[in-house]
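> got a sequence here, can you build the structure:
(one chain, ligands or ions: 2)
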Amino acid sequence: MNEGFCGWCGKPGAEGDHATCRQRLSSIDPPRYCTSCARRMVVQITPSGWTARCSRHGTFRPGVSGPAAGAPPDPAKAGPAGDPTLSLA
Ligand SMILES: [Zn+2]
Ligand SMILES: [Zn+2]
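Ligands and ions are numbered 1, 2, ... in the order given. Here you go, the predicted structure:
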């Protein structure tokens, strides 16, 4: 992994052991810190999981290390409460 910061504890990824952190993040728990800048993110629990928003780097979702990283479109998320990056016609 080449992430700058741990999304769980907010410390630099190269510093310390983040095995437990990754385990938490790979399950249902949302990250609390942006992996790019270690800012505290705004986390929202959604019916399909969660979203975590960094004011500089955008929205993170489960299974995605960053915005628009090739997640398959989810028709269940086509509601108006979604985020602007999800544009289903
Ligand atoms: Zn960590
Ligand atoms: Zn960020």
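> now do the helices in this protein.
19-26 (DSSP state H).
> can you list the residues of this structure near ligand 2?
Within reach of ligand 2 by C-beta under 5 Å from the ion, the chain has these residues: 34, 36, 37, 39, 54, 56, 57. (C-beta placed from N, C-alpha, C; glycine too.)
> with adjacent residues omitted, what lies nearest to the first one?
Spatially, and ignoring its direct neighbours in sequence, residue 34 is nearest to residue 54 (3.8 Å; C-beta to C-beta, 6 or more residues apart in numbering).
> dump the residue contacts of that neighbour.
34, 36, 37, 39, 41, 60 (C-beta atoms under 8 Å, 6 or more residues apart in numbering).
> how about a markdown table for the residues you listed, with neighbour count and pLDDT added?
Shown next, in a markdown table, are these (neighbours: other C-beta atoms under 10 Å; pLDDT from 0 to 100):
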| residue | neighbour count | pLDDT |
| --- | --- | --- |
| 34 | 24 | 96 |
| 36 | 17 | 95 |
| 37 | 13 | 96 |
| 39 | 16 | 96 |
| 41 | 23 | 97 |
| 60 | 24 | 89 |
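> tabulate these (a markdown table), appending distance to ligand 1.
Formatted as a markdown table, these follow (distance: C-beta to the ion, whole Å):
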| residue | distance to ligand 1 |
| --- | --- |
| 34 | 13 |
| 36 | 15 |
| 37 | 15 |
| 39 | 15 |
| 41 | 14 |
| 60 | 15 |
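> of the residues of the chain next to ligand 2, just say which sits nearest to residue 6.
Closest to residue 6 out of those is residue 34 (10.5 Å), distances taken as C-beta to C-beta.
> quick one: low-confidence parts of this protein?
Across the chain, residues meeting the criterion (pLDDT under 70) sit at 1-3, 63-89.
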